[in-house]
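[1] Just the structure for this:
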Amino acid sequence: MPNQPGSLQLLLSILDEMQAIDIKTIDVSHQTTVTDYMILCSGRSSRHVKSIAEAAMEKMKSNGFSALGSHGVETGDWALVDFGDFVLHVMQPDSRAFYNLEGLWNHDG
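    Sure thing, here's the model as predicted:
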């Protein structure tokens with residue numbers, strides 16, 4: 001996806017490093033004023049979901065990009081981390097399939 005901010009590229013590299021599964025970036029800038037991008041990925045277990053979200057917050061903060069807020073990190077089913085210009089959703093595969101955020105937000109075709 002062209003013209004992604006460097007902070008988003010950093011987050012994507014962190015997700016890759018943490019072995020997040022099925023990473024998707026959706027440009028929602030024309031659909032909402034809340035954020036520009038949604039990043040969705042899955043973890044293999046509740047512990048993996050929690051680890052991915054925590055690593056994203058810690059590593060982004062150490063690079064000068066603090067999260068504005070987070071929700072659900074402690075439960076490990078669906079963790080949401082708000083970085084302002086983009087929102088990270090880390091979900092277990094069953095939750096991701098059930099809520100189908102890709103289907104709700106991805107209107108590219």
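[2] can you pull the pLDDT of the most centrally placed residue in the chain?
    Taking CA atoms, centre = their mean, the centroid of the chain lies closest to L88, which sits 2.0 Å from it. L88 is assigned 98 on the pLDDT scale.
[3] What sits closest to it if chain neighbours are left out?
    V81 (4.3 Å; CB to CB, 6 or more residues apart in numbering). Every C-beta, even on glycine, is put in place using the N, C-alpha and C of the backbone.
[4] three-state assignment of that neighbour?
    Following DSSP: H, G, I helix; E, B strand; the rest coil, the label given to V81 is strand.
[5] So it sits against S70, correct?
    Yes - counting by CB atoms under 8 Å, V81 does reach S70; the two are 4.6 Å apart.
[6] any idea of the mean pLDDT for stretch 40-55?
    In the prediction, stretch 40-55 has an average pLDDT of 98.
[7] Can you report how many residues lie near P5?
    14 (other CB atoms under 10 Å).
[8] Tell me who's in contact with the spatially closest residue to it that is not a sequence neighbour.
    Of all residues not flanking P5 in the chain, D85 sits nearest, at 6.2 Å (CB to CB, 6+ apart). Applying CB atoms under 8 Å, 6 or more residues apart in numbering to D85 gives the contacts P5, S7, L8, T35, D36, Y37.
[9] what residues does the stretch of helix or strand T25 belongs to touch?
    For T25, the element it lies in under DSSP states H and E is strand 21-27. By CB under 8 Å, 6+ apart, the residues outside strand 21-27 that reach it are 1, 4, 8, 12, 15-16, 36-44, 93, 96, 102, 105-106.
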